[in-house]
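J.: Pasting the sequence and the predicted model now:
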Amino acid sequence: MSAMADEEQNWLRQARQARESLPTDVPHGSRLEALTKLAGQSGTSRAALRNALAALTIVEQASKRDAAAGRALATLPVSLVEAYGRWVRHDGQGAADALAKAASGTLSVRGFVAAERSARPSPKFRPLLDTLFETLGEAEGLGGLQWPNAGIKEGIRRMGLPPFPYRVLEIQRDLSGYDVACGLTATAFVDRTKLREVRPLDPYDLGELETHLDLAQMGGAREDETAEAIEARPPIVAAMEVSERPVIERYRLEAKNRFFRAAAAAAIYPLVLVVLPDEAAKRATLDHWPALPYDRLGIKAPPAEPSSEHELRQDEPPPVVYPGRGQGAVVVTCPATALRDLCAGGADLERDIARRRAGR
């Protein structure tokens, strides 16, 4: 066990030193360059150092829940710690039992990793867009909901769509071939009945919204076309709901493909939501999200709107992007950070909701 502890202490020490040395007030690309330099100085690869940093976070999070689990993880190799991090997300007790065996020496690293792989649940599709709307509704019940934020407002304006209340949206899953090719799982249109029910809504110019819908409904129509040829309910929001992956690396590997599909969807939808199952999946996706050359595209970057409670670090990629001239906004989000990503002052609302739930 001592040799294993020595090996572990080395990667753990490297990770702590790297985290202390990495700048936090620089753009995402500069941080990657610094990580590469530190890896070279440590005689390892950037990928290995990134894995060590991720494992260090797992150890620290486990220590907060259970100090004994944190100490046990601190004596084990990176590969086992990473497997534990995946396992505990869906089966805390199973991960704890296996960790106890590994710490006592009755379960090898290979055996632990194999057991974690066998314990992975089958991917299940969850209607994450519905969950997002439920979160918005809960926040609205507390008052002070400021939907949408400045980044989304500016993004949808690029396609002529004014801000609108989320309550008027109706989700549909009857998708076109183009939607499916873009990886979409749902779209949402403005329900005219809901639009009438929410009048008057002081923050929104619903007359402007209705004008936009009328133009979109008649867009491209020729005098010789029949009424059936005109889409009666043009969708204005598209969603790419991503099911859980067995390992976090899958989100990183799929990030670039997901970006280009979302960009293709943004050519016809003012707002495209890429909805990940949790915050870890969202971060892994954004870590490999292409950086947009807005100066070369000839467009302005989305306006930053950090809140006092959760400021976006400069090394963290923004969740809102504009993929091209004349295209809508693409937002990477998840149910846990939906208010933060979609609304102004969303972090404060998250805090209020957490307090309300804790008081139940």
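T.: Here it is on my side, so go on. Numbers count the residues shown, from 1 in each chain.

J.: how does the chain divide into domains?
T.: 2-119, 128-358 (automatic domain parsing).

J.: Turn the ones you listed into CSV, columns for mean neighbour count.
T.: Using the backbone N, CA and C atoms, a C-beta is placed for each residue, glycine as well. Shown next, in CSV, are these (neighbours: other C-beta atoms under 10 Å):
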stretch, mean neighbour count
domain 2-119, 16
domain 128-358, 17
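
J.: helix or strand right after whichever strand or helix holds A95?
T.: In this assignment (DSSP states H and E), A95 forms part of helix 92-104. With elements assigned by DSSP H and E, the helix or strand that comes after helix 92-104 is helix 109-119.

J.: Can you give the contact residues for that following helix?
T.: Here helix 109-119 makes contact (C-beta atoms under 8 Å, 6 or more residues apart in numbering) with 76-77, 79-80, 83-84, 86-87, 90-91, 94-95, 98-99, 101-102, 107, 246.

J.: Would you mind putting the domains of the chain into TSV with mean pLDDT alongside?
T.: Formatted as TSV, the domains of the chain follow (pLDDT from 0 to 100):
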stretch	mean pLDDT
domain 2-119	82
domain 128-358	79
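
J.: quick one: the helix holding A95 to chain centroid distance?
T.: 30 Å (C-alpha atoms, centre = their mean, to the nearest Å).

J.: mind listing the helices for the stretch 101-250 of the chain?
T.: For the stretch 101-250 of the chain, the helices defined by DSSP state H, counting those that start in this stretch cover 109-119, 128-142, 150-157, 177-181, 192-197, 206-218, 249-265.

J.: Would you convert those into TSV that also reports distance to R340?
T.: Formatted as TSV, the helices of the stretch 101-250 of the chain follow (distance: least, C-beta to C-beta, whole Å):
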stretch	distance to R340
helix 109-119	30
helix 128-142	11
helix 150-157	12
helix 177-181	27
helix 192-197	26
helix 206-218	25
helix 249-265	19
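
J.: For A54, find the nearest of those helices.
T.: helix 249-265 (10.2 Å; C-beta to C-beta).

J.: hmm, who's touching the closest one?
T.: Contacts for helix 249-265 (C-beta under 8 Å, 6+ apart): 179, 181-184, 238, 240, 242, 245, 272, 274, 276, 281, 284-290, 323-324, 327, 330.

J.: Narrow those residues to those in strands?
T.: Using DSSP state E, the members of the contacts of helix 249-265 that fall in strands are A238, M240, V272, V274, V330.

J.: List just the nearest of those residues to A52.
T.: For the ones in strands among the contacts of helix 249-265, the nearest to A52 is V274 (28.3 Å; C-beta to C-beta).

J.: In contact with that closest one, which residues are there?
T.: Per C-beta under 8 Å, 6+ apart, neighbours of V274: A239, M240, V242, R258, A262, T285, V330, V331, V332, T333.

J.: gap between the third one and L12?
T.: It refers to V242. Per C-beta to C-beta, to the nearest Å, V242 is found 32 Å from L12.

J.: Repeat that for the first one.
T.: Relative to L12, A239 is positioned 40 Å away (C-beta to C-beta).

J.: And for the fifth one?
T.: Remark: distance between A262 and L12 (C-beta to C-beta) = 37 Å.

J.: next one: G111
T.: Counting by C-beta to C-beta - G111 and L12 are separated by 22 Å.

J.: can you check E249 too?
T.: For E249, the distance to L12 - C-beta to C-beta - is 21 Å.

J.: before we move on, what about S42?
T.: 13 Å.

J.: How about K256?
T.: Taken as C-beta to C-beta, the span from K256 to L12 is 31 Å.

J.: And for A72?
T.: 13 Å.

J.: Let me know the pLDDT of R126.
T.: On pLDDT, R126 comes in at 64.

J.: can you give me how far stretch 236-245 is from the chain middle?
T.: 10 Å.

J.: Next: stretch 287-300.
T.: On C-alpha atoms, centre = their mean, the centre of stretch 287-300 falls 18 Å from the chain's centre.

J.: and the end-to-end length of that stretch?
T.: End-to-end span of stretch 287-300 (C-alpha to C-alpha, to the nearest Å): 22 Å.

J.: Use 604 as the first number from now on
T.: Renumbered: residue one is now 604, and that last one reads stretch 890-903.

J.: And the contacts of that stretch?
T.: 631-632, 757, 761, 855-856, 858-859, 862, 904, 920, 924-928, 935.

J.: Might you report the residue contacts of the nearest residue in space to F736 that is not next to it in sequence?
T.: Excluding the flanking residues, the one nearest F736 by C-beta to C-beta, 6 or more residues apart in numbering is Y769, at 6.6 Å. When contacts are counted by C-beta under 8 Å, 6+ apart, Y769 touches F736, L739, W750, P751.

J.: Give me the nearest residue to the second one, chain neighbours excluded.
T.: Counting by C-beta to C-beta, 6+ apart, Y769 is the residue found nearest to L739 once chain neighbours are left out, at 5.4 Å.
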